[in-house]
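>>> My questions are about this predicted structure, shown below with the sequence.
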Amino acid sequence: MKFANRVSTILGAFLCLVLTAPSLQAEDSPTILERFTGTWIASGNSFGDDVEVKMTWSKILSGQFYRIDYQINMMNNFSGVGHYKATKERTTSGYWADNSGDLHPLSVEFKDNAIVTIWGVAGKKQGRTEYRLVNKDQATVTDWLLTAGIWNKFNHGEFVRTPVED
């Protein structure tokens, strides 16, 4: 009976260690920002017009930040650059600047398959962008502008990752 008690105690201790130890796989798994890294292209709709869009995510500044370059080819071409502070946490911050002269702080929340960014300042120009991975090679990007307390969608694109060039 003593042997059975020892085995039971050892198994119980082992299960406690397994259940409470941090998962190596979870720690080593790529963050949502890492999963977006690369170049993506899309056809979509922005401000009611059909457009071609290109976005590129890259790790920069010794891995301390991720940069997004975003270009919409339309009548008045639009381009912007965002910087997101790299982290393993569920939230981060950054900033956005674009060729319309806008400069916005970013408040960012990471979800399992999405980056949800609130940009701008409450009471002034404010918007929300969701970058959502459909799978490793497909993503959607949707933008809303907050007007009179209502989120109005103004941009949506279905993206495909471009092949890595040698």
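Arrived safely. Predicted model, so just to flag it, every value in this text is computed and none were measured. Residues are numbered from 1 along each chain as shown.
>>> Any figure for the gap between Arg132 and Thr56?
17 Å (CB to CB, to the nearest Å). C-beta here means a position set from N, CA and C on the backbone, and glycine is covered the same way.
>>> what's the answer for Leu33, then?
Applying CB to CB, the value for Leu33 to Thr56 is 13 Å.
>>> between the two, which one's more packed in?
Leu33 (21 against 16; other CB atoms under 10 Å).
>>> Tell me if the more buried one really is in a helix.
Yes - judged by DSSP: H, G, I helix; E, B strand; the rest coil, Leu33 forms part of a helix.
>>> Identify the residue nearest it in space, chain neighbours excluded?
Tyr66 (4.5 Å; CB to CB, 6 or more residues apart in numbering).
>>> Let me know the secondary structure of the one you found.
strand.
>>> Surely it and Ser58 touch.
Yes - using CB atoms under 8 Å, Tyr66 is in contact with Ser58, at 7.0 Å.
>>> between these two, what contacts are shared?
Shared contacts of Tyr66 and Ser58 (CB atoms under 8 Å, 6 or more residues apart in numbering): Thr37.
>>> who's more crowded, those two?
Taking other CB under 10 Å, Tyr66 and Ser58 do not tie; Tyr66 has more neighbours (25 against 13).
>>> Report the separation between the residue nearest the centre of the chain and Phe65.
What sits nearest the mean C-alpha location of the chain, by CA atoms, centre = their mean, is Ile115, with 3.0 Å. For Ile115, the distance to Phe65 equals 14 Å [CB to CB].
>>> Pull up the overlap in contacts between the two.
By the contact definition CB under 8 Å, 6+ apart, Ile115 and Phe65 are jointly contacted by Tyr84.
>>> What count of nearby residues applies to Tyr95?
14.
>>> for Asp98, same thing?
Neighbour tally, Asp98, other CB under 10 Å: 14.
>>> give the contact list for it.
For Asp98, counting by CB under 8 Å, 6+ apart, the contacting residues are 78-81.
>>> Restrict stretch 142-155 to CA atoms and write it as CSV.
The C-alpha coordinates for stretch 142-155 follow below in CSV (Å, rounded to 0.1, in the frame of the first residue of the first chain):
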residue,chain,number,x,y,z
THR,A,142,-11.4,47.2,-42.0
ASP,A,143,-11.4,50.9,-40.9
TRP,A,144,-14.1,52.9,-39.1
LEU,A,145,-14.3,56.6,-38.3
LEU,A,146,-16.0,57.7,-35.1
THR,A,147,-18.6,60.4,-36.0
ALA,A,148,-21.2,61.6,-33.5
GLY,A,149,-20.6,58.5,-31.4
ILE,A,150,-21.1,56.1,-34.2
TRP,A,151,-18.4,53.9,-35.9
ASN,A,152,-18.8,54.4,-39.7
LYS,A,153,-16.9,51.9,-41.9
PHE,A,154,-15.0,53.6,-44.7
ASN,A,155,-12.4,51.1,-45.8
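>>> Many thanks, we can stop here.
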